[in-house]
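>>> My questions are about this predicted structure, shown below with the sequence.
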Amino acid sequence: MPEPARRPLISGNWKMNINHLETIQVVQKLAYRLTPADTGAADVSIHPPFTSLRSAQTVIDSDELPISLGAQNCHWEASGAFTGEISPVMLAKLNVRYVIVGHSERRQMMGEDDVMVSRKAGAVFANGMVPIVCVGETLDEREAGTTAAVVSGQVAASLDGLSPAQVGAMVLAYEPIWAIGTGRNATPEDAQEVAGIIRALIGERWGAPAAATVRLQYGGSVRPDNAAELLAAPDVDGALVGGASLDPDGLAAIVAAISQ
Ligand code: PGA
């Protein structure tokens with residue numbers, strides 16, 4: 001059978017959880033739980049805090065585990081006087097493959113805007129990695145009926161300057177802010193509607209080939225019990241999982257929703 005055009009990607013965003021010692025066990029347990037059918041059906045990435053990246057890399061590389069290493073953020077410059085920041089060059093050196101960019105917690109709490117997000121996405125690509133750019137509306141915006149406009153605006157501005165080939169190779173995560181960490185997930189219909197809007201916009205701006213291959217994740221209270229229906233939406237190519245990814249059994253069960 002030919003490979004599907006868009007291989008699903010399930011990403012575990014650990015946020016500010018799991019220290020570098022705990023990381024070793026969590027990664028080993030996740031690898032043990034993932035079956036060959038799981039890793040045959042989907043790509044799996046984990047996004048530990050910066051201080052845990054080296055531990056995760058060591059386990060993944062030495063045991064040749066079928067898990068991709070990811071980061072949660074990076075700066076856009078390669079080096080310099082940026083106290084407290086981590087450069088994409090440093091992440092690439094750790095065999096990081098995916099970098100989450102513009103998560104709503106960073107947009108809301110750390111003041112990241114679309115211009116910063118687009119610089120970061122470009123820098124991630126320039127260093128041979130793949131950005132996972134996050135977009136999503138607040139509850140007020142949804143209730144005001146502006147979801148499509150807000151998300152379209154974020155996509156257009158956050159991907160500004162990327163080439164069609166880059167957009168076709170990247171990952172976009174649609175994460176309604178009201179669904180993140182709240183236990184209240186979007187319905188599969190809502191997730192599909194917004195994913196469809198994003199894919200159509202990408203087709204208009206970056207061309208049909210980019211729209212056909214860009215991977216669109218849904219994020220926001222994805223759990224083992226709701227993953228199958230959310231991932232069945234035709235334009236949803238995976239999930240960005242926060243809370244449920246801290247338990248390797250939970251993340252593996254979400255991957256199994258694809259392979260079964
Ligand atoms: P959640 O977080 O799964 O805990 O809702 C998702 C995210 O922030 O990526």
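That came through, no problem.
>>> so who does the closest residue to the ligand within the stretch 1-150 of the chain touch?
Relative to the ligand, the nearest point of the stretch 1-150 of the chain is residue 13 (4.4 Å; Cβ to the nearest ligand atom). All C-beta atoms are positioned from the backbone trio N, CA, C, and that covers glycine. For residue 13, the contact set (Cβ atoms under 8 Å, 6 or more residues apart in numbering) comprises 47, 72, 100, 103, 219, 240, 241, 242, 245.
>>> Check the residues you listed one by one and keep those near the ligand.
219, 240, 241, 242 (Cβ under 6 Å from any ligand atom).
>>> where's the first one relative to residue 112, distance?
Translated: residue 219. 16 Å (Cβ to Cβ, to the nearest Å).
>>> The two - which one has more neighbours?
residue 219 (28 against 20; other Cβ atoms under 10 Å).
>>> bridging residues for the more buried one?
Under the criterion DSSP bridges, residue 219 forms beta bridges with residue 240.
>>> Does it touch residue 245 like I think?
No: here residue 219 does not reach residue 245: they are 10.4 Å apart, not a contact under Cβ atoms under 8 Å.
>>> near the ligand, which residues of the stretch 51-200 of the chain?
175, 180, 181.
>>> Can you check the pLDDT for the residue lying closest to residue 184 once chain neighbours are set aside?
Nearest residue to residue 184 in three dimensions, chain neighbours excluded: residue 221, at 6.0 Å (Cβ to Cβ, 6 or more residues apart in numbering). Model confidence at residue 221, given as pLDDT, is 96.
>>> Give me the secondary structure label for residue 221.
In three-state terms, and counting by DSSP: H, G, I helix; E, B strand; the rest coil, residue 221 is coil.
>>> any idea where the strands of the stretch 151-260 of the chain begin and end?
171-174, 215-219, 238-241 (DSSP state E, counting those that start in this stretch).
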